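J.: please work out how this folds:
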Amino acid sequence: MELTKNSMFLINKNEAVVCENNHRKELSEPQVFLTIPDNELGIKDWLNQLENDQKLYKGDDNLFCEDCGHRSDSDIVTKSIKAHEILALCNAKSKNSIGNIPNRVSLGQSQYEIFGIISYSEKHYIAYTREEGIWNEYNDQEVRENKSPNPKTSYMLFYRKTYH
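T.: Below is the predicted model of the structure:
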């Protein structure tokens, strides 16, 4: 699945600021609405990159450390990522193809399996649900079994946390 800068996730991301003297300050932004960077990544690669995220603030962009009492070069490191029971991915510009859609993804220790897709084409939405490996298509009044949704028109993807 290719993600673009217009794709978004809602997650819990716990981060800490670490100054050049290794003082740590926890950041409290429990829910973060993330957008995908400009470069295109597969969903699995992007989630892996998200878990290993680190931002460096140097020079004019350095941060104030309360323990040191002055501004210093600092890192913001990701301590943990906790996603909700449902991961929802939205392709905000539906004209951009999402690409291949993986059935399973992982985020931290959590595993997720796809169970729903909303597609948008020609000013019309179609919903798909997956139960026990079978996709059903909901198109206005019509409900029918579908082999697999078209990833080129996927607007939103829904993944459910699995427990094994």
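J.: show me where the protein has its helices.
T.: 43-51 (DSSP state H).
J.: low-confidence ranges, it, go.
T.: Along the chain, the model assigns pLDDT under 70 to residues 1-15, 27-56, 76-83, 91-100, 108.
J.: ok, the residue nearest to residue 145 when sequence neighbours are not counted - how many residues close by?
T.: Nearest residue to residue 145, sequence neighbours excluded (Cβ to Cβ, 6 or more residues apart in numbering): residue 136, at 5.9 Å. From N, CA and C alone the C-beta is placed, and that goes for glycine too. A total of 13 residues lie near residue 136 under the criterion other Cβ atoms under 10 Å.
J.: cool, and residue 105?
T.: Neighbourhood size, residue 105 [other Cβ under 10 Å]: 22.
J.: how near is residue 134 to residue 103?
T.: As for residue 134, its distance to residue 103 is 13 Å (criterion: Cβ to Cβ, to the nearest Å).
J.: just residue 139 next, same as before
T.: Distance from residue 139 to residue 103, counting by Cβ to Cβ: 22 Å.
J.: likewise residue 20?
T.: Distance from residue 20 to residue 103, by Cβ to Cβ: 44 Å.
J.: what does residue 144 give?
T.: The gap separating residue 144 from residue 103 is 21 Å, by Cβ to Cβ.
J.: check contacts around residue 101.
T.: 1, 114, 117, 149, 151, 154, 157 (Cβ atoms under 8 Å, 6 or more residues apart in numbering).
J.: save those residues as CSV, and put in neighbour count too.
T.: Output for the contacts of residue 101, formatted as CSV (neighbours: other Cβ atoms under 10 Å):
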residue, neighbour count
1, 22
114, 22
117, 26
149, 22
151, 16
154, 22
157, 25
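J.: just checking, residue 145 touches residue 133?
T.: No - look at residue 145 against residue 133 with Cβ atoms under 8 Å: they stay out of range, at 11.3 Å.
J.: show me what the closest residue to residue 147 other than its chain neighbours is bridged to.
T.: Spatial nearest neighbour of residue 147, excluding adjacent residues (Cβ to Cβ, 6+ apart): residue 135 at 6.9 Å. For residue 135, the beta-bridge partners under DSSP bridges are residue 130, residue 146.
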